[in-house]
Structures are given as structure tokens and as C-alpha cells.
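Engineer: The sequence and its predicted three-dimensional model are supplied below.
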Amino acid sequence: MKHTNPVIRLHPDMIHSGQLVLVNQTNPVVTSLQDCRLVPLTTIQQAGTEEQELRLNQTCLQQLASLLEACHALENIGVVSGYRSQEQQKHIYDTSLLDHGAEFTASYVARPGESEHQTGLAVDVGQLLEDVDYLCPSFPDHGIYASFKQLAAEYGFIQRYQEGKEHITNIACEPWHYRYVGVPHSILMEQHELCLEEYIMFLKQFPFGGSHLHTKMNNQYIEIYYIRAEDIETWLPIKSDSKYEWSGNNSDGFIITMFHEQEQGSQ
Ligand SMILES: [Zn+2]
């Protein structure tokens, strides 16, 4: 039997999907509803009543449930906000402008089309209280909440808008807003203290054909590289015995993550 090495074929439109898509003022969301793979919240409590029928990306929800279980927080932390459609984001933005004014809104509410809540990969978590502040929910930095923050990266989450990165993200520090990017990316971002804008740039130092990023996590040898999207289709060879993941960066290319059983010679 003829044995050919498998390849990954990536269409240019696919740069807008995947767990690492960067959504901000300069990179609006292009993800289709189908890409979001939304599921309703079942295992996790809802904090606040502002949103009905809360939904999240399936993997994001599963990992969030595992994270909450790991820090024994299922009775203390709930979801305040998950997936938002363009219409919902517009409604939130317009209401915030009326209720809180332009300055507050610019700091805490993304313009319609520029919110990563529209990907299903972002979640606002909050203390399960009687009265929950919808735009700025209470998320303390002690006890169970501190454990959540500490364990988040192990489950693929990052605190997306951190103190000291406001000049890059253009969003004020939001202790309640978490973004699912998946392991190993969440762990690498934490180790290198990079926000998503910086991490996407950082990965461009590891282009396909150049030297790739190699790291070892959970007994797996992980290899990461960036490739610019070709006009028609991007073809990449893969090793048949390695698990791989791809994600668009939502601007010009893809990030490929390979999980090897054995150490690879650096290339
Ligand atoms: Zn949020």
C-alpha cells in the first residue's frame, strides 16, 4: 500500500477560527456561528439574570467546569456572561453608553464586532451573589477566587485583560473576564507574562521552516510554529503519529501546535 505523509490543508477563511483567534479593535470578529460550537450552560451556575440562555463554546465550557471543580468553586463562582451575538453586544454597548457614559464604556465594553464574547471562547465569571454587577462583576482576589486564578492556565484559561497591559489591550483590568486559549498556550502566556496581542506577535518568531518553539509539558513534547496564510490554500506536512491542533490568529496566518510522544530534533 502506498504510504503518503498526511498534510493539513488550511483555507484562507480559516484564519478567523480556532482557539487562538485574537479579537480586538484592530481585529474584529469574523467567526461564524457554526465555528463557535455553542452549548448551553448545564453543569455550571449562572450568576446574575441579565443574560438569558447563556451559552459557551463546548470545549471552553467543559474546561471551565473542570477548573471550577478543581478549586471547589461550583457553589461560589458562576457565569455572568458568555457568548454574545453582534446584536447582543450592540445592545450592551448602547445601554452602557446611556447608563455609564463614554469613558466607562470605552474602558470596559468592546464595540460591537470587537468583543471576544462573540467567539464563545470568553467568559465573565463572578461571585454568586444576590445582586451581580453585570458589567463589572465582583471577583475577589482571595480564597477560592485566588485558587481559580492560580489554576486557570492549567485548564487553558487566561485572565485576558490584566493590569499593566491596558496600553496594549485598550481595555481596563478585568479580573472577571477569562478567555479560553487552550494548553499549552495559556501556560506559555503566563510563563512569559504575555497578553494575547503580545503572544500572537511572539509566535511569529517561530515560523514554519525556521526554528520552531519546543517545550515539554505533561510528559508530551510540544512543538509550536506560525505560518502565514497562502492565497489559495496552505498545505502543511504532519507526522502521522503526532496529534496536532491548528488555529487562525484572525489576521494573517495560523498557529500549529503538535504534541509528540518523543523528543523531536529541533529544526
Ligand atoms: Zn467579558
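Structural biologist: Arrived safely, thanks for sending. Numbers count the residues shown, from 1 in each chain.

Engineer: Name the single longest helix found in this protein.
Structural biologist: Taking DSSP state H as the criterion, the chain has its longest helix at helix 86-108.

Engineer: tell me which residues of that helix are tucked away?
Structural biologist: Within helix 86-108, the residues scored as buried using 16 or more other Cβ atoms under 10 Å are 88, 89, 92, 93, 96, 105, 107, 108. In short, each C-beta sits where N, CA and C put it, glycine included.

Engineer: now do stretch 35-45
Structural biologist: Within stretch 35-45, the residues that count as buried by 16+ other Cβ under 10 Å are 35, 36, 37, 38, 39, 41, 44.

Engineer: out of those, which one sits closest to residue 175?
Structural biologist: Comparing the buried residues of stretch 35-45 against residue 175 with Cβ to Cβ places residue 44 closest, at 18.3 Å.

Engineer: need the contact list for the closest one.
Structural biologist: Contact partners of residue 44, counting by Cβ atoms under 8 Å, 6 or more residues apart in numbering, are 61, 64, 65, 68, 74, 78, 79.

Engineer: Can you list which of these are found in strands?
Structural biologist: In strands, defined here by DSSP state E, the members of the contacts of residue 44 are 78, 79.

Engineer: The contacts of residue 44: which ones sit near the ion?
Structural biologist: Checked against the ion using Cβ under 5 Å from the ion, the contacts of residue 44 give no members in range.

Engineer: measure the closest residue to residue 20 other than its chain neighbours to residue 57 for me?
Structural biologist: Closest residue to residue 20 apart from its sequence neighbours, by Cβ to Cβ, 6 or more residues apart in numbering: residue 247 at 3.9 Å. From residue 247 across to residue 57, the span is 12 Å (Cβ to Cβ, to the nearest Å).

Engineer: Give me the more crowded residue out of these two.
Structural biologist: Neighbour totals were compared for residue 247 and residue 57, and residue 57 leads with 24 against 19 (other Cβ atoms under 10 Å).

Engineer: one step back: farthest-separated two in the buried residues of stretch 35-45?
Structural biologist: Checking those with Cβ to Cβ, the most distant pair is 35 and 44, at 22.1 Å.

Engineer: Tell me who's in contact with the residue of the stretch 1-150 of the chain found nearest the ion.
Structural biologist: Across the stretch 1-150 of the chain, the shortest distance to the ion (Cβ to the ion) belongs to residue 124, at 4.1 Å. Shown in contact with residue 124 (Cβ under 8 Å, 6+ apart): 79, 80, 81, 82, 117, 137, 174, 176, 177, 178.

Engineer: Which residues of the stretch 1-150 of the chain lie near the ion?
Structural biologist: Residues of the stretch 1-150 of the chain lying close to the ion (Cβ under 5 Å from the ion) are residue 124.

Engineer: The closest residue to the ion within the chain: what's it in contact with?
Structural biologist: Here the chain gets closest to the ion at one residue, residue 177, 3.7 Å apart by Cβ to the ion. By Cβ under 8 Å, 6+ apart, the contact set of residue 177 is 122, 123, 124, 159, 160, 161.

Engineer: Format those as TSV; extra columns: distance to residue 132 and secondary structure.
Structural biologist: Formatted as TSV, the contacts of residue 177 follow (distance: Cβ to Cβ, whole Å; DSSP: H, G, I helix; E, B strand; the rest coil):
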residue	distance to residue 132	secondary structure
122	17	strand
123	14	strand
124	10	strand
159	19	strand
160	19	coil
161	19	coil
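
Engineer: which stretches of the protein aren't confidently modelled?
Structural biologist: 1-5, 265-267 (pLDDT under 70).

Engineer: was I right about residue 235 contacting residue 208?
Structural biologist: No - using Cβ atoms under 8 Å, residue 235 makes no contact with residue 208, being 10.6 Å away.
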